[in-house]
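K.L.:
coords below, sequence missing:
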Ligand SMILES: [Zn+2]
Ligand SMILES: [Zn+2]
């Protein structure tokens, strides 16, 4: 059985067929999902989905793209949402200097604050980082994020980021990006990560793996990610499913 550790099941692109999309994933062997918030509204939606489906868990938090919208009451509301028994992580949070939809200085301040919120809540964090490796690692260290641990989601950094993340005892979650033709360097990194620190995810509806690129992504395709890791690591995809599911249960403390 597989766990899709990072999906946006509330996304409007699933409004027309959400139940069918989830059923397809379950048929493909995905028995557990973690749906991720990016702002207050989507965090609320994530918790509602966790309420509706017994096999869906939620993460709440504010994505670096969205931190410029954080209002006075957001942290109170997020903390209240996080008390829900099926909220298993705080995120996605982090830094994204590729788009800089929020100013970089503000991203750093809000990242620090949100690590603090996660530590108060004693929840592991889900990290989004893009073109911001050094600042991400420095902030994680300064804010003592290792006390709660968590996941580098959709890992796409270099060897050094992988090493730093592993040294901080974080997990690395791989997505459909590892199936992309030009992702040779990333596949080389997968080879070096111990199997007890790897997770799989789709980031649905984004980052559709080959051979479905160009179409909407959905959790059923997490199998393609597991199959590619199996090929890289030289093991069966059943074994990858077993190990990554075990890891997901550990980091998110899913019963
Ligand atoms: Zn992300
Ligand atoms: Zn995401």
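P.N.:
Cool, the structure landed. Because the structure is predicted, anything quoted here is derived from the model rather than measured. Ligands and ions are numbered 1, 2, ... in the order given.
K.L.:
residue contacts, residue 148?
P.N.:
Residues in contact with residue 148 (Cβ atoms under 8 Å, 6 or more residues apart in numbering) are 90, 115, 118, 119, 122, 123, 124, 125. In this view, the C-beta of every residue, glycine as well, is placed from N, C-alpha and C.
K.L.:
let's see 6 Å
P.N.:
Contact analysis of residue 148 by Cβ atoms under 6 Å, 6 or more residues apart in numbering lists 118, 119, 124.
K.L.:
that's a helix at residue 90, yeah?
P.N.:
No. Read with DSSP: H, G, I helix; E, B strand; the rest coil, residue 90 is strand and lies in no helix.
K.L.:
so what's it closest to, chain neighbours aside?
P.N.:
Spatial nearest neighbour of residue 90, chain neighbours left out: residue 118 (3.7 Å); criterion: Cβ to Cβ, 6 or more residues apart in numbering.
K.L.:
count the neighbours of that neighbour for me.
P.N.:
Applying other Cβ atoms under 10 Å, we find 27 residues neighbouring residue 118.
K.L.:
cool, residue 188 as well?
P.N.:
Using other Cβ under 10 Å, residue 188 has 11 other residues around it.
K.L.:
for this structure, which residue gets nearest to ligand 1?
P.N.:
Nearest to ligand 1, among the residues of the chain, is residue 128, at 3.5 Å (Cβ to the ion).
K.L.:
in a strand, that residue, correct?
P.N.:
Yes. According to three-state DSSP, residue 128 belongs to a strand.
K.L.:
who does it bridge with?
P.N.:
Counting by DSSP bridges, residue 128 is bridged to residue 94.
K.L.:
from memory it sits against residue 91, does it?
P.N.:
No. Between residue 128 and residue 91 no contact is recorded; they are 7.3 Å apart, counting by Cβ atoms under 6 Å.
K.L.:
average pLDDT across stretch 162-175?
P.N.:
The average pLDDT within stretch 162-175 is 98.
K.L.:
how close does the residue lying closest to residue 26 once chain neighbours are set aside get to residue 146?
P.N.:
Nearest residue to residue 26 in three dimensions, chain neighbours excluded: residue 55, at 7.7 Å (Cβ to Cβ, 6+ apart). Between residue 55 and residue 146 the computed distance is 29 Å (Cβ to Cβ, to the nearest Å).
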